[in-house]
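K.L.:
Could you work out the structure for the sequence below:
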Amino acid sequence: QVQLVESGGGLVQAGGSLGLSCVASGGIFGLNTMGWYRQPPGKQRNLVARITKDGSVNYTESVEGRFTISRDDAKKTVYLQMNSLKPEDSAVYYCNQEIKDSTGGYGSYWGQGTQVTVSS
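P.N.:
Down below sits the predicted model:
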(Lines give C-alpha, C1' and ligand atoms only; values in the text may rest on other atoms or scores of the structure.)
Protein backbone atom coordinates (compact mmCIF):
# COMPACT_ATOMS: atom_id res chain seq x y z
CA GLN A 1 0.00 0.00 0.00
CA VAL A 2 0.97 3.64 -0.38
CA GLN A 3 2.95 5.28 2.39
CA LEU A 4 4.26 8.81 2.82
CA VAL A 5 7.26 9.46 5.02
CA GLU A 6 8.24 12.96 6.08
CA SER A 7 11.57 14.21 7.29
CA GLY A 8 13.28 17.46 8.14
CA GLY A 9 11.40 19.01 11.04
CA GLY A 10 13.06 20.29 14.16
CA LEU A 11 13.84 23.28 16.35
CA VAL A 12 15.13 26.51 14.89
CA GLN A 13 15.49 30.10 16.04
CA ALA A 14 13.34 32.84 14.57
CA GLY A 15 14.76 33.98 11.27
CA GLY A 16 16.25 30.59 10.53
CA SER A 17 15.47 28.03 7.86
CA LEU A 18 14.29 24.44 7.65
CA GLY A 19 13.59 22.10 4.77
CA LEU A 20 10.96 19.38 4.79
CA SER A 21 10.74 16.35 2.50
CA CYS A 22 7.98 13.83 1.90
CA VAL A 23 8.59 10.69 -0.13
CA ALA A 24 5.90 8.30 -1.28
CA SER A 25 6.31 4.56 -1.73
CA GLY A 26 4.17 1.53 -2.50
CA GLY A 27 1.79 0.85 -5.33
CA ILE A 28 1.94 4.17 -7.18
CA PHE A 29 0.64 4.50 -10.74
CA GLY A 30 0.41 8.26 -11.03
CA LEU A 31 0.85 11.51 -9.15
CA ASN A 32 -1.34 14.57 -9.00
CA THR A 33 -1.43 17.56 -6.67
CA MET A 34 0.91 17.62 -3.67
CA GLY A 35 0.75 19.87 -0.67
CA TRP A 36 1.85 20.77 2.82
CA TYR A 37 -0.50 21.49 5.71
CA ARG A 38 0.16 22.49 9.30
CA GLN A 39 -1.65 22.13 12.58
CA PRO A 40 -0.70 24.27 15.58
CA PRO A 41 -1.60 22.92 19.04
CA GLY A 42 -5.32 23.06 19.66
CA LYS A 43 -6.09 24.35 16.18
CA GLN A 44 -7.28 22.85 12.93
CA ARG A 45 -5.08 21.67 10.10
CA ASN A 46 -4.75 24.24 7.32
CA LEU A 47 -3.13 24.41 3.92
CA VAL A 48 0.35 25.96 3.75
CA ALA A 49 1.31 25.38 0.13
CA ARG A 50 0.20 23.30 -2.82
CA ILE A 51 1.75 22.36 -6.18
CA THR A 52 -0.14 20.86 -9.09
CA LYS A 53 1.08 18.27 -11.56
CA ASP A 54 1.97 21.00 -14.06
CA GLY A 55 3.92 22.96 -11.45
CA SER A 56 1.41 25.64 -10.53
CA VAL A 57 1.80 26.70 -6.92
CA ASN A 58 -0.19 28.58 -4.34
CA TYR A 59 0.59 29.55 -0.76
CA THR A 60 -1.33 30.70 2.23
CA GLU A 61 -0.80 34.44 2.58
CA SER A 62 1.21 34.25 5.81
CA VAL A 63 4.04 32.25 4.19
CA GLU A 64 4.11 33.95 0.78
CA GLY A 65 7.66 34.99 -0.07
CA ARG A 66 9.20 32.92 2.74
CA PHE A 67 8.27 29.34 1.87
CA THR A 68 8.87 27.47 -1.38
CA ILE A 69 7.18 24.24 -2.40
CA SER A 70 8.66 22.00 -5.08
CA ARG A 71 8.36 18.44 -6.33
CA ASP A 72 10.38 15.73 -8.00
CA ASP A 73 8.03 13.19 -9.54
CA ALA A 74 10.84 10.78 -10.42
CA LYS A 75 11.59 10.56 -6.71
CA LYS A 76 7.88 10.75 -5.73
CA THR A 77 8.88 13.55 -3.37
CA VAL A 78 7.50 16.92 -2.39
CA TYR A 79 9.62 19.51 -0.60
CA LEU A 80 8.98 22.59 1.48
CA GLN A 81 11.78 25.09 2.00
CA MET A 82 10.99 27.42 4.87
CA ASN A 83 13.00 30.61 5.32
CA SER A 84 12.69 33.56 7.69
CA LEU A 85 10.80 31.39 10.11
CA LYS A 86 8.63 32.99 12.78
CA PRO A 87 7.36 31.58 16.09
CA GLU A 88 3.85 31.52 14.62
CA ASP A 89 5.08 29.00 12.04
CA SER A 90 5.44 26.43 14.84
CA ALA A 91 3.15 23.47 14.18
CA VAL A 92 3.04 19.86 13.12
CA TYR A 93 3.51 19.84 9.36
CA TYR A 94 1.80 17.19 7.24
CA CYS A 95 2.37 16.39 3.59
CA ASN A 96 -0.40 15.28 1.29
CA GLN A 97 -0.17 13.64 -2.11
CA GLU A 98 -2.93 12.70 -4.52
CA ILE A 99 -1.80 9.32 -5.82
CA LYS A 100 -3.20 6.91 -8.38
CA ASP A 101 -3.13 3.64 -6.52
CA SER A 102 -3.96 0.01 -7.22
CA THR A 103 -7.70 0.78 -7.29
CA GLY A 104 -7.17 2.73 -10.49
CA GLY A 105 -8.36 5.93 -8.92
CA TYR A 106 -6.68 8.79 -7.11
CA GLY A 107 -6.54 8.66 -3.32
CA SER A 108 -5.48 11.37 -0.88
CA TYR A 109 -2.58 10.22 1.25
CA TRP A 110 -1.04 11.85 4.31
CA GLY A 111 2.35 11.73 5.95
CA GLN A 112 2.77 11.04 9.64
CA GLY A 113 3.54 14.65 10.50
CA THR A 114 6.75 16.34 11.56
CA GLN A 115 7.13 18.92 14.31
CA VAL A 116 8.50 22.35 13.48
CA THR A 117 9.26 24.59 16.44
CA VAL A 118 10.50 28.15 16.02
CA SER A 119 11.88 29.82 19.12
CA SER A 120 11.81 33.58 19.61
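K.L.:
what's near enough to touch the closest residue to residue 108 other than its chain neighbours?
P.N.:
Sequence neighbours aside, residue 98 is the residue nearest to residue 108 in space, at 5.7 Å (criterion: Cβ to Cβ, 6 or more residues apart in numbering). In short, each C-beta sits where N, CA and C put it, glycine included. Residue 98 makes contact with 31, 32, 33, 34, 106, 107, 108, 109, according to Cβ atoms under 8 Å, 6 or more residues apart in numbering.
K.L.:
Return the member of these nearest to residue 75.
P.N.:
Top of the list for closeness to residue 75, among the contacts of residue 98 and by Cβ to Cβ, is residue 31 at 10.7 Å.
K.L.:
Next one: the closest one from residue 71, what distance?
P.N.:
Going from residue 31 to residue 71 by Cβ to Cβ, to the nearest Å gives 8 Å.
K.L.:
cool, and residue 63?
P.N.:
Counting by Cβ to Cβ - residue 63 and residue 71 are separated by 17 Å.
K.L.:
Residue 31 and residue 71: who's more crowded?
P.N.:
When residue 31 and residue 71 are compared on other Cβ atoms under 10 Å, the one with more neighbours turns out to be residue 71, at 20 against 17.
K.L.:
And the contacts of the helix or strand where that one lies?
P.N.:
Under the criterion of DSSP states H and E, residue 71 resides in strand 67-72. Strand 67-72 has contacts (Cβ under 8 Å, 6+ apart) with 34-36, 48-51, 55, 57, 59, 77-83.
K.L.:
Name only those of those residues that count as buried.
P.N.:
34-36, 48-51, 59, 77-80, 82 (16 or more other Cβ atoms under 10 Å).
K.L.:
so what's the residue most central in space within the chain up against?
P.N.:
Note on the chain: the residue nearest the mean C-alpha position is residue 36, at 2.8 Å, using Cα atoms, centre = their mean. Going by Cβ under 8 Å, 6+ apart, residue 36 touches 20, 22, 47-50, 69, 78, 80, 93-96.
K.L.:
Is it bridged to anything, and to what?
P.N.:
Bridge pairing for residue 36 (DSSP bridges) gives the partners residue 49, residue 95.
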